[in-house]
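A.B. asks: sequence plus the predicted model coming up.
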Amino acid sequence: MRNHDFDILISKLDAFIKRYYVTQMLRGVFITAAIVGMYYLIITLLEYVGHFSVSARTVIFYVSLALIAGVFIWFIVKPLFGFLKIGKRISYQQASQILRQHFPVIQDKLENSLELFDMAKATDKSKDLV
């Protein structure tokens, strides 16, 4: 595999990583909606039955804000940062492991190509070995 072929491989892995983060964000939207919806139903039912005082409602309000913000950040903002290449992202090796799980035909070929290119780059040898 020549350097041009490796560039094509890296561009395809980058496209996969972007699709991975878009999928994570979409899953996050559904999970966030489910958690917030269930929390709302539970709190509404408890308020209907319990007739809470003002201080209890205040606590519930701030806990609700913290829960919604935490779930939103964890399931939507974190994958959004990965998509925008801000902060920590999955590596090419992690992406190749994900692909290997879903496509057993690949086996270790993709990961071996990545490792060979890293070794060739580290030792400044010819990249034609890859």
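C.D. replies: Sure, I can see it.
A.B. asks: any weak-confidence spans in the chain?
C.D. replies: By pLDDT under 70, the weakly predicted segments of the chain are 1-2, 124-130.
A.B. asks: which residue ranges of it form helices?
C.D. replies: 3-50, 54-72, 78-83, 92-102, 109-123 (DSSP state H).
A.B. asks: so the longest one versus helix 109-123, what angle?
C.D. replies: What separates the directions of helix 3-50 and helix 109-123 is an angle of 120 degrees, with axes from the mean of the first three to the mean of the last three Cα atoms, to 10 degrees.
A.B. asks: list the helices and strands helix 3-50 packs on?
C.D. replies: For helix 3-50, the elements it packs on are helix 54-72, helix 78-83, helix 92-102, helix 109-123, judged by 3 or more Cβ pairs under 8 Å, 6 or more residues apart in numbering; DSSP states H and E. All C-beta atoms are positioned from the backbone trio N, CA, C, and that covers glycine.
A.B. asks: off-centre distance for it?
C.D. replies: In this view, helix 3-50 has its centroid 7 Å away from the chain centroid, taken as Cα atoms, centre = their mean, to the nearest Å.
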